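>>> the sequence isn't on hand, but the structure is:
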């Protein structure tokens with residue numbers, strides 16, 4: 001089954017210094033019928049204006065994955081980490097028993113767009129942890145780049161949840177196939193461009209929920225950029 005969520009149905013919060021598209025209930029967006037997709041509890045698409053950002057704040061008991069679409073994401077936390085995430089790069093934070101951090105766009109003239117994904121951890125009170133990975137554009141061109149997993153895999157950041165996150169940019173006319181395992185579900189968002197997924201069209205900003213599909217065929221209508229979260233079925 002495939003359930004498309006058009007971009008116009010995704011909550012849009014315009015706060016002046018930043019715009020947030022909240023795919024699930026978050027901040028001032030409250031919808032008891034749209035709290036999560038299994039253990040995927042937050043999928044936020046943020047655009048921050050130059051010289052702005054989320055100042056130091058705290059988190060507990062969540063797994064946070066941030067993926068930079070364009071601009072540069074400046075991260076700093078109470079563990080001593082200070083880093084700039086550039087387009088195509090990702091950072092992972094296990095908030096665990098408690099962490100404080102800031103996320104800023106320090107450019108004086110270039111906006112920053114990044115995706116932030118929150119997952120429920122598989123255990124409480126985990127040791128807070130941070131890491132970042134930087135990729136080349138070729139790493140995800142016309143193929144899936146596996147950026148995080150609940151399993152221990154080479155060159156993939158391990159998280160504390162049975163979930164996988166992939167990113168890809170697909171050139172127009174190119175096709176990727178996905179075999180979906182029984183008992184799993186997928187949340188996929190078209191960040192840029194357009195594609196068809198099992199003949200369902202997705203435009204810029206559209207998302208789709210997938211379950212009980214044996215296979216997925218993704219065909220780029222125009223060059224597209226996507227994020228895909230795969231996790232156990234638990235609607």
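Everything's here; your move. Remember, predicted model here, so these are calculated numbers, not experimental data.

>>> now stretch 100-111: buried residues?
101, 103-107 (16 or more other CB atoms under 10 Å). The way it works is simple: take the backbone N, C-alpha and C, and place the C-beta from them, glycine included.

>>> which non-adjacent residue is nearest residue 173?
Distances taken as CB to CB, 6 or more residues apart in numbering place residue 220 nearest to residue 173, at 6.5 Å, with adjacent residues excluded.

>>> assign the one you found to helix, strand or coil.
For residue 220, the assignment made with DSSP: H, G, I helix; E, B strand; the rest coil gives strand.

>>> can you get me the start-to-end distance on stretch 75-83?
End-to-end span of stretch 75-83 (CA to CA, to the nearest Å): 5 Å.

>>> same question for stretch 146-165.
First-to-last residue span, stretch 146-165, CA to CA: 6 Å.

>>> show me what counts as buried in it.
146-150, 156-157, 159-165.

>>> ok, stretch 203-211 next?
For stretch 203-211, the neighbour count (16+ other CB under 10 Å) marks 205-211 as buried.

>>> then stretch 11-22?
For stretch 11-22, burial by neighbour count (16+ other CB under 10 Å) applies to 11, 18-22.

>>> chain center to that stretch, what's the gap?
16 Å (CA atoms, centre = their mean, to the nearest Å).

>>> what residues does that stretch touch?
7, 10, 23, 26-29, 31, 42-49, 52, 205 (CB atoms under 8 Å, 6 or more residues apart in numbering).

>>> re the thing from before, nearest to residue 62 among the buried residues of stretch 11-22?
The shortest gap between residue 62 and any of those belongs to residue 22, at 15.2 Å (CB to CB).

>>> quickly list what that closest one is bridged to.
Counting by DSSP bridges, residue 22 forms beta bridges with residue 11, residue 44.

>>> what stretches of the chain score poorly on pLDDT?
Low-confidence segments of the chain (pLDDT under 70): 235.

>>> quick one on the thing from earlier: of the buried residues of stretch 146-165, which is the nearest to residue 136?
Among these, residue 147 lies closest to residue 136 (CB to CB), at 13.2 Å.

>>> the closest one contacts residue 166, doesn't it?
Yes: assessed by CB atoms under 8 Å, residue 147 is found in contact with residue 166 at 6.8 Å.

>>> nearest to residue 3, of the buried residues of stretch 100-111?
The nearest one, if we look at those relative to residue 3 and count by CB to CB, is residue 103, at 30.5 Å.

>>> name all residues that make contact with that closest one.
Listed by CB under 8 Å, 6+ apart, the contact set of residue 103 reads 53-54, 66, 73-75, 114.

>>> would you mark the buried spots in stretch 176-190?
Within stretch 176-190, the residues that count as buried by 16+ other CB under 10 Å are 176, 178, 180, 184-190.
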